[in-house]
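Predicted structure and sequence below. I'll ask about it afterward.
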Amino acid sequence: MIESIHSLIQLLLPYGYIGIFLMMFLESSFIPFPSELVMPPAGFLAASGELNLWLSIFSGTAGSVTGALFNYAISAKLGRPFLIKYGHYVGFKTAHLVKSERFFDKYGTVGTFIGRLLPVIRQYISIPAGISKMNLINFIVATGTGAGLWVSFLAGIGYILKSHWKNVIENINIILLAITALFFAFLMIYLLIKRLNKGK
């Protein structure tokens with residue numbers, strides 16, 4: 001993995017913010033590209049003075065939102081049957097759709113925001129939003145907020161840890177599981193408070 005990250009750094013250097021935008025666009029599209037391999041190196045380059053941290057975060061967030069809008073538009077235009085029939089040609093599995101649909105149906109707009117922070121669901125939460133033709137403004141706000149937090153977190157890792165960010169990347173799966181558990185805990189607390197208030 002470290003070798004691939006070195007290659008990404010070499011790719012990011014000449015293309016800079018455009019490279020970040022394009023890779024994060026892919027991360028949110030039907031051909032998911034791990035954001036965990038893009039934003040920490042971008043943060044490291046920012047800490048080294050090669051890039052600007054805020055412009056890197058903006059480029060990453062803009063790429064994520066644009067990729068999500070692409071998925072949203074395709075899903076809204078072509079619909080569920082088309083995606084199930086032809087999605088496998090680009091690595092999209094029906095299981096991904098079912099999982100993201102259940103999450104979206106359960107949590108709606110809040111789910112679109114939280115989904116941007118969760119592995120696997122992050123790449124596909126825009127598809128059920130598009131199929132159901134979720135309000136576009138709400139979709140952009142929820143997606144932009146969630147993507148912005150996630151991108152900032154990853155870029156911050158690379159920026160703060162600098163030479164130690166490679167160790168974080170090597171243990172990224174454990175970190176992601178911890179983050180996922182934390183967000184689900186917050187989600188459960190939110191739903192519990194909401195239910196108690198509704199009961200009153």
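Good, I have the coordinates.

going forward, measure contacts and count neighbours with C-alpha atoms only.
Fine.

what's the top helix by length along the chain packed up against?
Looking across the chain with DSSP state H, the single longest helix is helix 53-86. Secondary structure elements in contact with helix 53-86, counted by 3 or more C-alpha pairs under 8 Å, 6 or more residues apart in numbering; DSSP states H and E, are helix 2-28, helix 39-47, helix 126-131, helix 136-161.

redo that, cut-off 10 Å
When contacts are defined as 3 or more C-alpha pairs under 10 Å, 6 or more residues apart in numbering; DSSP states H and E, helix 53-86 sits against helix 2-28, helix 39-47, helix 94-115, helix 121-124, helix 126-131, helix 136-161.

and those helices as CSV, adding distance to Arg80 and mean pLDDT?
Formatted as CSV, the helices and strands packed on helix 53-86 follow (distance: least, C-alpha to C-alpha, whole Å; pLDDT from 0 to 100):
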stretch, distance to Arg80, mean pLDDT
helix 2-28, 18, 72
helix 39-47, 31, 85
helix 94-115, 9, 72
helix 121-124, 13, 75
helix 126-131, 7, 81
helix 136-161, 18, 88
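
thinking again about what came up before, now do the buried residues in the longest helix of the chain.
53, 56-76, 79-80, 83 (16 or more other C-alpha atoms under 10 Å).

what's the answer for stretch 148-162, then?
The neighbour-count check on stretch 148-162 (16+ other C-alpha under 10 Å) flags 148-159, 161-162 as buried.

Out of the helices and strands packed on helix 53-86, flag the one nearest Ile189.
helix 94-115 (13.6 Å; C-alpha to C-alpha).

Tell me which of the helices and strands packed on helix 53-86 sits nearest to Asn197.
helix 94-115 (17.3 Å).

That closest one - contacts with which helices or strands?
Helix 94-115 sits against helix 53-86, helix 121-124, helix 126-131, helix 136-161, helix 172-199, with contacts defined as 3+ C-alpha pairs under 10 Å, 6+ apart.

and of these, who's closest to Phe104?
Nearest to Phe104, of those and by C-alpha to C-alpha, is helix 126-131 at 6.7 Å.

got a markdown table for the helices and strands packed on helix 53-86, with distance to Leu191 too?
Shown next, in a markdown table, are these (distance: least, C-alpha to C-alpha, whole Å):
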| stretch | distance to Leu191 |
| --- | --- |
| helix 2-28 | 27 |
| helix 39-47 | 31 |
| helix 94-115 | 10 |
| helix 121-124 | 19 |
| helix 126-131 | 21 |
| helix 136-161 | 18 |
